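> Turn this into a structure:
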Amino acid sequence: MLRRLLAVLLLPLTFSAMAEDATSSPTELVLYGWVDYIDDEVIAEFEQRFNAKLNLTYFESEDTRDRTLFRTGGKGYDVFIVTGKDIDIYQKRGWILPLGEEKIPNIKYVTPRWIDAWPSAKEYAVPYLWGTTGIIYRSDLVKEEITSWKQFFKPLPYLKDKITIFDEYRTVIGFALKTLGYPFNSEDKVHLKEAQKLLFTLKPYVQTYGAFDLEEDSGIVTGDVWMGLGWNGDALALQEFNDSIRYVIPKEGGEIWVDYFVVSSQSKVPELAIQFVNFMQEPRINAKNAETMSYAASNDKAKEFLSAEHLNNPVIYPDAEVLANSEFELALSSGRANRKQIMIWSKMTH
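This next block holds a predicted model:
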């Protein structure tokens, strides 16, 4: 009788607590990543399912992101988007939390190649999307079909002040090295000296430093810029505004990149951050983001939810020969090697 009475007395409190929980304010999750890099419907579904508010903060380049994290140590953020070369550096600095299959059960759907590509990825990161870096150009303005990096780094005179390049020293120097027939990640002093000379030759042709805006007034759309470095998904987005825009991975090969989610060690809501990363690897969700962003899914099972048009697009999924000639950007061997490339880049941009 006493137990029944206690149950009756506690019942209103239980329902009251449930009602309060159901109407509680959403928990904020701060993501530091690229602009417009998650499908809007995916964001809405995550927020509704987990009673969360996703606060998206953006960086303009990997170099900008790294400078921010060196300054803050990761404070103020819950989840970062990084590339493979960053994972080991970030975990050694104590900026990110361990993850792994126990915390991220949906990692079982991920293509093993993208986990095995980096030593620390299996424990500290979860792949998001992957793609390539090559050349975006206007076929109606550039007077020749672009097939080689030499056409970019040794441009013809009419291209003066018509080129844009990333504001990312590793990527640009890497492609200069490939132009010269050297590995993308070479640290050889002779190779870097030649690459520096090549960059100085290119400098008068560079109008702007940065990635293309994906809007109707983007320089490559209006014709202010005729050629530039770019990512495959951005090229497809820009083609919607101008069908003369082309994307090519030159015959020497391009860069293969993989973006990963990592969880900040300074996160105030680590459990929610881990739930977000796991949610983003649900096959249907990964497919939705891949289709919207025009990048390749990192999730094997996601292919069941992708359109044939997406899966058969060679810009999104290049053939084996193109990928065989392309390289990952690797972490440099030392701080000294890194400072050497920063010095080259500083002379290029000033």
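> Relative to residue 284, how far out is the residue lying closest to residue 264 once chain neighbours are set aside?
Leaving out its chain neighbours, the residue that sits closest to residue 264 by C-beta to C-beta, 6 or more residues apart in numbering is residue 74, at 4.4 Å. (Each C-beta comes from the backbone N, C-alpha and C, glycine too.) Relative to residue 284, residue 74 is positioned 30 Å away (C-beta to C-beta, to the nearest Å).
> Among the two, which residue is more densely surrounded?
Applying other C-beta atoms under 10 Å to residue 74 and residue 284 shows that residue 74 carries more neighbours, namely 23 against 13.
> and the gap between the more buried one and residue 262?
Residue 74 is 9 Å from residue 262, by C-beta to C-beta.
> Overlap in contacts, these two.
Listed as contacting both residue 74 and residue 262 by C-beta atoms under 8 Å, 6 or more residues apart in numbering are 80, 95-96.
> Out of the residues you listed, the closest to residue 229 would be?
residue 80 (22.9 Å; C-beta to C-beta).
> Assign the closest one to one of the three secondary structure states.
Here residue 80 is strand, with the state taken from DSSP: H, G, I helix; E, B strand; the rest coil.
> count of residues packed around it?
25.
> That one: what's it in contact with?
For residue 80, the contact set (C-beta under 8 Å, 6+ apart) comprises 31-33, 65, 69, 74, 90, 95-96, 261-262, 264.
> same thing but at 10 Å, please
With contact set as C-beta atoms under 10 Å, 6 or more residues apart in numbering, residue 80 has these partners: 30-33, 59, 65, 68-69, 74, 86, 90, 95-96, 125, 260-264, 273.
> So which of the residues you listed belong to helices?
65, 68-69, 86, 90, 273 (DSSP state H).
> can you list the weak-confidence ranges in the stretch 251-350 of the chain?
The stretch 251-350 of the chain contains no residues with pLDDT under 70.
> That one: strands as residue ranges?
For the stretch 251-350 of the chain, strands defined by DSSP state E, counting those that start in this stretch occupy the ranges 255-263, 296-297.
> now do the stretch 51-200 of the chain
Shown for the stretch 51-200 of the chain, the strands assigned by DSSP E, counting those that start in this stretch span residues 52-58, 79-83, 126-138, 163-165.
> Out of those, flag the one nearest residue 249.
Among the strands of the stretch 51-200 of the chain, the nearest to residue 249 by C-beta to C-beta is strand 126-138 (4.1 Å).
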